[in-house]
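# Curious how this folds, go ahead:
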Amino acid sequence: MGYVNHLDRLQIFPFAARGDRQLNDAQVPVIVVTNQSGVARDIFPESLVHQVHQKMIAELSARGARVDAIYFCPHKTEDACECRKPNPGLLERAAGEHALDLPASWVVGDRYADLEMGHAAGARGILVMTGYGRGEYELHHTRWARQPEALAENLTEAVRRILND
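Next up, the predicted model:
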C-alpha cells in the first residue's frame, strides 16, 4: 500500500502466484492496470515503475505464473487524463490490444476506483479485502453508485469466483 517508491517496497502476497497460475492454466488473460501518480508528482522516476513491473514479472514467473500485460498511468488526478483509473482508458486499450471481451471480463482490485474503471468499460468487479479493500468497503460502500459484483477475502477467492463463472 502507498507509493512503491523503491524496489524493496514491492511485496507480492504468497497466494498471488497461485491465483495467477490458475488463471493462466484456464487461459484467462491476466492484465495489470495501475495508477502511478508518483511519477507526475516527482516522487519516483518512470524507470522505477518499469523496474517494479520487471521484478513482479520475475517473481511470479519463478513461481510458475505469468502476467500477460501491464498498463500504467503516470498522471495525477488533476491531469484529467483518460488513462487514470477510474477512467476506462487503459482497460479499453488493453481490450483492443489483447482481444478482450470486456462484458465477459472481471476487474479485481482493492480500491473502488478499480471497480469503477471496470464498470465504466462494461466489465464486472470483485473487491478484495486485502490491501485497501476492507477499509474501502467498511468505510465507504454505502455511498458507492454501484456495488461490486462480488467481495473476496483475497485473490485466491476472487480467482475461484472467476473460474466458477
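# Need the three-state assignment for V107.
strand (DSSP: H, G, I helix; E, B strand; the rest coil).
# Spit out the contact partners of it.
Contact analysis of V107 by Cβ atoms under 8 Å, 6 or more residues apart in numbering lists V33, L91, D114, L115, M117, G118, A121, A123, R124, G125, I126. Every residue, glycine included, has its C-beta placed from N, CA and C.
# if you set the cut-off to 6 Å instead, what comes out?
Under the criterion of Cβ atoms under 6 Å, 6 or more residues apart in numbering, the neighbours of V107 are D114, G118, A123, G125.
# Give me the distance between it and G96.
Counting by Cβ to Cβ, to the nearest Å, the gap from V107 to G96 is 16 Å.
# just so I have it, where are all the helices in the protein?
Under the criterion DSSP state H, the chain contains helices at 16-25, 46-62, 89-98, 112-120, 133-140, 155-164.
# Using CSV, please lay out the contacts of V107 together with distance to R21, neighbour count and pLDDT.
What follows is the contacts of V107, written out as CSV (distance: Cβ to Cβ, whole Å; neighbours: other Cβ atoms under 10 Å; pLDDT from 0 to 100):
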residue, distance to R21, neighbour count, pLDDT
D114, 21, 26, 97
G118, 22, 27, 97
A123, 22, 21, 98
G125, 22, 23, 98
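# Return the member of those nearest to E157.
G125 (14.2 Å; Cβ to Cβ).
# Please name the nearest non-neighbouring residue to that closest one.
L115 (3.4 Å; Cβ to Cβ, 6 or more residues apart in numbering).
# If we ignore the residues flanking it in sequence, what's nearest H75?
H75 sits nearest to C81 (Cβ to Cβ, 6+ apart), 4.5 Å away.
# Low-confidence stretches in the protein?
For the chain, applying pLDDT under 70 flags the ranges 1.
# at 90 instead, please
For the chain, the stretches flagged by pLDDT under 90 are 1-3, 11, 13-15, 165.
# Please list all residues in contact with F72.
Applying Cβ under 6 Å, 6+ apart, the residues near F72 are T34, Q36, V49.
# change it to 8 Å
F72 neighbours (Cβ under 8 Å, 6+ apart): V33, T34, N35, Q36, V49, H53, L90.
# Which of the residues you listed ranks first by neighbour count?
L90 (24 neighbours; other Cβ atoms under 10 Å).
# Quick check: which of the helices of the chain has the most neighbours on average?
The highest mean neighbour count among the helices of the chain, using mean count of other Cβ atoms under 10 Å, belongs to helix 112-120: a mean of 23.
# Output the contacting helices and strands for that one.
strand 31-35, helix 89-98, strand 106-109, strand 124-128 (3 or more Cβ pairs under 8 Å, 6 or more residues apart in numbering; DSSP states H and E).
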